[in-house]
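Q: Prediction below, plus the sequence it came from.
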Amino acid sequence: MNGYLERMTETEWAFDDPWPTLDDALEAAEIVADRARKLFGDELVEVLLYGSRARGDHCPESDLDILLVTKSEGEERPNRLQEQLDDSIFYEMTVQCFIWSLVSIRTASVNQVRNWDTTFYRNVRAEAIGVP
């Protein structure tokens, strides 16, 4: 390859942190939470921000980890609703689609979050922050 990409330095690949503070991360998570509440209705129990953004040890390239906690134990309905949420956010934020590609949205039931003994759920229980 002979072109622009070869001439770029490593620092040119870097970009500004879209959510440099916890407040910024929570503000972005609130956009997702508001849309999720409209789509999920009573199925949605709570929305949690977890991962490096919640812990405060993120870097500019860190994604925004959001967990949608649902009533249902089954996977089908929450996953279908999550797909609708992803589509809704993507179409609404087409101008910022690069930034929104850094948003990771997962669903889990209340039972999974409270009772499953996995590293993921133990970390969520220890570090997650509720999104208003």
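A: Received it, and whenever you're ready, just let me know what you need.
Q: measure Val103 to Asp65 for me?
A: Counting by C-beta to C-beta, to the nearest Å, the separation of Val103 from Asp65 is 8 Å. Quick note: C-beta positions are derived from backbone N, CA and C, even for glycine.
Q: neighbour-wise, which of the two wins?
A: Neighbours around Val103 and Asp65, counted as other C-beta atoms under 10 Å, are more numerous at Asp65. The numbers are 23 against 20.
Q: where does that one land in three-state SS?
A: At Asp65 the chain is in strand, as set by DSSP: H, G, I helix; E, B strand; the rest coil.
Q: what sits against Asp65?
A: Neighbour list for Asp65: Leu49, Tyr50, Gly51, Ser52, Arg53, Ala54, Ser104, Arg106 [criterion: C-beta atoms under 8 Å, 6 or more residues apart in numbering].
Q: if we go to 7 Å?
A: Taking C-beta atoms under 7 Å, 6 or more residues apart in numbering, we find Asp65 in contact with Leu49, Tyr50, Gly51, Arg53, Ser104.
Q: What is the neighbour count of Pro60?
A: Pro60 has 12 neighbours, counted by other C-beta under 10 Å.
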